[in-house]
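Peer 1: Got a predicted structure here, sequence first:
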Amino acid sequence: MRALALDYGHKPSGAGTLVLVAGIALAAAAAFEAHALRNDVAVAQARIAELGRVPKPQSAASVKGAREASAQDAALANGVLARLALPWDALFASIESVRSPNVAMLSIEPDAAKATVKIGAEAKSASDMLEYVRQLAAAEGLRAVTLISHQTRAEETLSTVRFIVTADWTTRP
């Protein structure tokens, strides 16, 4: 009987590693945004609780100051609620719907206030990069997709193109 030769030292492919890094970056961006939103909610709740303990002002100046503080608090709370109500799942689904075996996503930076997203990626070739940008432009929920920079990198035997794309995204849930 012939013995089996098992290779336990197999190293993952470069594409697999890039997909893993892109997934980690996506998860980190989502976790960072969720953490920021939780902090904003906590600050707004603390301010609301603080306002409930403030005694009623007696003078006209203090009434005006209380109204301004209340308006600021309301604006802050409305801003937090607006960010929470954004369709984050739809944004990530739009980006994830674009699949290319020769492109690895490196970063996603959403800007809720401007309803824009900045995507950093790496492609095996310039044509792969352009095809990815074309697919993003056709993705539902994204518009005004623009390639804002690219850089060709030649490392040993591999030649890759790193690029950054921006897009507007629809914020209607």
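Peer 2: Good, I have the coordinates.

Peer 1: which phi and psi does residue 142 have?
Peer 2: Main-chain torsions, residue 142, degrees, to the nearest 10: phi -110, psi 140.

Peer 1: what's around it, how many residues?
Peer 2: By the measure other C-beta atoms under 10 Å, the count of residues near residue 142 is 22. (Each C-beta comes from the backbone N, C-alpha and C, glycine too.)

Peer 1: Can you tell me the element residue 36 falls in?
Peer 2: helix 14-53 (DSSP states H and E).

Peer 1: tell me the mean pLDDT for that helix?
Peer 2: Here helix 14-53 scores 85 as its mean pLDDT.

Peer 1: which of the residues in that helix are buried?
Peer 2: 18-19, 22, 25-26, 29, 33, 37, 40, 44, 47 (16 or more other C-beta atoms under 10 Å).

Peer 1: any chance of those in JSON lines, with distance to residue 86 too?
Peer 2: Formatted as JSON lines, the buried residues of helix 14-53 follow (distance: C-beta to C-beta, whole Å):
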{"residue": "18", "distance to residue 86": "28"}
{"residue": "19", "distance to residue 86": "26"}
{"residue": "22", "distance to residue 86": "22"}
{"residue": "25", "distance to residue 86": "20"}
{"residue": "26", "distance to residue 86": "17"}
{"residue": "29", "distance to residue 86": "14"}
{"residue": "33", "distance to residue 86": "10"}
{"residue": "37", "distance to residue 86": "10"}
{"residue": "40", "distance to residue 86": "13"}
{"residue": "44", "distance to residue 86": "16"}
{"residue": "47", "distance to residue 86": "22"}
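
Peer 1: After the least confident helix or strand in the chain by mean pLDDT, which helix or strand is next?
Peer 2: Sorting the helices and strands of the chain by mean pLDDT, DSSP states H and E puts helix 60-85 at the bottom, at a mean of 74. Next in sequence after helix 60-85, counting helices and strands by DSSP H and E, comes helix 88-96.

Peer 1: Where do the domain boundaries of this structure fall?
Peer 2: 14-31+87-169, 40-85 (automatic domain parsing).

Peer 1: Ranking the ones you listed by mean neighbour count, which comes first?
Peer 2: Sort these by mean neighbour count, taking mean count of other C-beta atoms under 10 Å, and domain 14-31+87-169 sits at the top with a mean of 16.

Peer 1: Can you get me the start-to-end distance on it?
Peer 2: Length of domain 14-31+87-169, first residue to last, C-alpha to C-alpha, to the nearest Å: 31 Å.

Peer 1: Please apply the same query to stretch 116-131.
Peer 2: With C-alpha to C-alpha, one end of stretch 116-131 sits 21 Å from the other.

Peer 1: pLDDT on it, on average?
Peer 2: pLDDT averaged over stretch 116-131 gives 89.
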